[in-house]
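Novice: structure for this input, please:
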Amino acid sequence: MSSLAAPVVPRHLATPLADARAGLDACVHCGFCLQACPTYLALEDENDSPRGRLVLMRAALEGRVSLDDPDVATHLSRCLGCRGCESACPSGVPYGHLLEAAREQLSSTRPLPVVARLILWVFARPAVLRVALWFGRLARDSGIAAELARLPGRFGFPFAMLASTARESAPQWTPRRASVTRGTVATLDGCVMEGLFTGVNRATERVLAENGYSLCDAPGQQCCGALHVHAGDAATARTLAKANIAAFEASGAQFVASNSAGCGAMMKEYGQLLADDSAWRERARAFSAKVRDASELLAAAGPRPGAPLPGEITYDAPCHLEHAQKLSAPPLQVLAAIPALRHTVLDDREQCCGSAGIFNLIEPNVSERVLAAKMRCITATGAPVVATGNPGCLMQIGAGLVREGRGAVARHPVELLDASYARQER
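Specialist: This next block holds a predicted model:
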């Protein structure tokens, strides 16, 4: 494929995709992205590769095809947005931002599926979301989710995801008063993290405190907006971003910590999301500069080693930690702080698991094929624990493990370090 020279788009015809034109022009169609793309590997269709989708975006921008053409929309919708292609690209093409721009433009003429619209509506309304997650916990804790997880195919999979979030009560321990203060931190509670992984949030707070960080509250925070911007609803994402910026500014914290790779990546890009808003541009940039993944903060502190935790794990890298935030080492440093924990390297650990926010709910067939490749690699390790630092990945891989039935589980790296510290306290 070769790109064609295109006329400059007049300002009065500007669109999200036209505004991102410079990134599109950076692609030289070399093909290095192909083997990094899970949908291309699963579907073997050039149109379902980053290079193919960029060609479709360029054709839409130049008026040679319509962006809401059913075939074009299908190929853009099938993208996981994992940004693995960005790590492989020698030209620095900002594929993730181009995809978001194309989807934003597409959403103005082609509404999202009803399921997607409903999910995004709920996540933008904290009171409604709390109720929805309460019912989710009820289904999980009552055992209903585990029973319904046995249903075949796409019917049982969401319940397997829910069942995988179950946790035994974590041992309670009190962090010691650190001799060195590394700064004040306000943590993002997160929607799914606080609703279904409450224990992971409390573990994150404890291990940060144990490693010298002073915690402070940030009331008023909301959903980070990642699900919305990835789906093309940038307007709602901007509204949520402003609410979060204001909430964390009021906390006075030096750092904003997230234990969710997708949320952290989104918040680190608020500066770009609000770049055209003169009232919020600088505030957004200042906020994004404070955002850290929890593993970043822990790695900067050491982290302090815990007590031996005999066992075997394998680590799967969340896409938005590995590719969007470019963080490979910090999660491994967290795991390395746990004595006696054996780590078996996972083949293709940098490949997407197929979760991708709500992708697994609106594109279940493609998601299932991507997960199948991931599960073959996980099963080959024989590890009883898969460590990964993102709620979507924990649920996607967790569901695969539930349905596999060999008793393996998915856990956040911070959970494991917290357990190591708790054992040391005993």
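Novice: from here on, contacts and neighbour counts on C-alpha atoms
Specialist: Will do.
Novice: my read is that Gly392 contacts Asn360, right?
Specialist: No - between Gly392 and Asn360 there is no contact under Cα atoms under 8 Å: 9.4 Å.
Novice: can you give me the helices in the stretch 201-350 of the chain?
Specialist: For the stretch 201-350 of the chain, applying DSSP state H, counting those that start in this stretch gives helices covering 226-231, 234-251, 261-267, 270-273, 281-288, 294-301, 319, 329-336.
Novice: can I get these in JSON lines including mean pLDDT?
Specialist: Listed next are the helices of the stretch 201-350 of the chain as JSON lines, based on pLDDT from 0 to 100:
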{"stretch": "helix 226-231", "mean pLDDT": "94"}
{"stretch": "helix 234-251", "mean pLDDT": "97"}
{"stretch": "helix 261-267", "mean pLDDT": "97"}
{"stretch": "helix 270-273", "mean pLDDT": "96"}
{"stretch": "helix 281-288", "mean pLDDT": "98"}
{"stretch": "helix 294-301", "mean pLDDT": "97"}
{"stretch": "helix 319", "mean pLDDT": "96"}
{"stretch": "helix 329-336", "mean pLDDT": "97"}
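Novice: which one of these lies closest to Arg349?
Specialist: helix 319 (9.4 Å; Cα to Cα).
Novice: in stretch 377-393, what's buried?
Specialist: 378, 381, 383-393 (16 or more other Cα atoms under 10 Å).
Novice: over to stretch 130-137?
Specialist: Buried positions in stretch 130-137, judged by neighbour count with 16+ other Cα under 10 Å: Arg130, Leu133, Gly136, Arg137.
Novice: for that stretch, the distance to its chain's centre please.
Specialist: Put simply, stretch 130-137 sits 21 Å off its chain's centre (Cα atoms, centre = their mean, to the nearest Å).
Novice: cool, and stretch 61-76?
Specialist: With Cα atoms, centre = their mean, you get 26 Å for stretch 61-76.
Novice: run through who's touching it.
Specialist: 6-7, 17-18, 47-48, 53, 56-57, 59-60, 99, 102-103, 106, 109-110 (Cα atoms under 8 Å, 6 or more residues apart in numbering).
Novice: now it - C-alpha only, CSV.
Specialist: The C-alpha trace of stretch 61-76 is given here as CSV (Å, rounded to 0.1, in the frame of the first residue of the first chain):
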residue,chain,number,x,y,z
LEU,A,61,-10.2,12.0,5.3
GLU,A,62,-9.7,12.5,1.6
GLY,A,63,-13.3,11.7,0.7
ARG,A,64,-12.6,8.5,-1.2
VAL,A,65,-14.7,6.4,1.2
SER,A,66,-17.3,7.4,3.9
LEU,A,67,-16.2,6.8,7.4
ASP,A,68,-19.6,5.4,8.3
ASP,A,69,-19.5,2.9,5.4
PRO,A,70,-20.5,-0.4,7.1
ASP,A,71,-17.3,-2.1,6.1
VAL,A,72,-15.1,0.8,7.3
ALA,A,73,-17.0,1.1,10.5
THR,A,74,-16.7,-2.7,11.1
HIS,A,75,-12.9,-2.7,10.8
LEU,A,76,-12.5,0.4,13.0
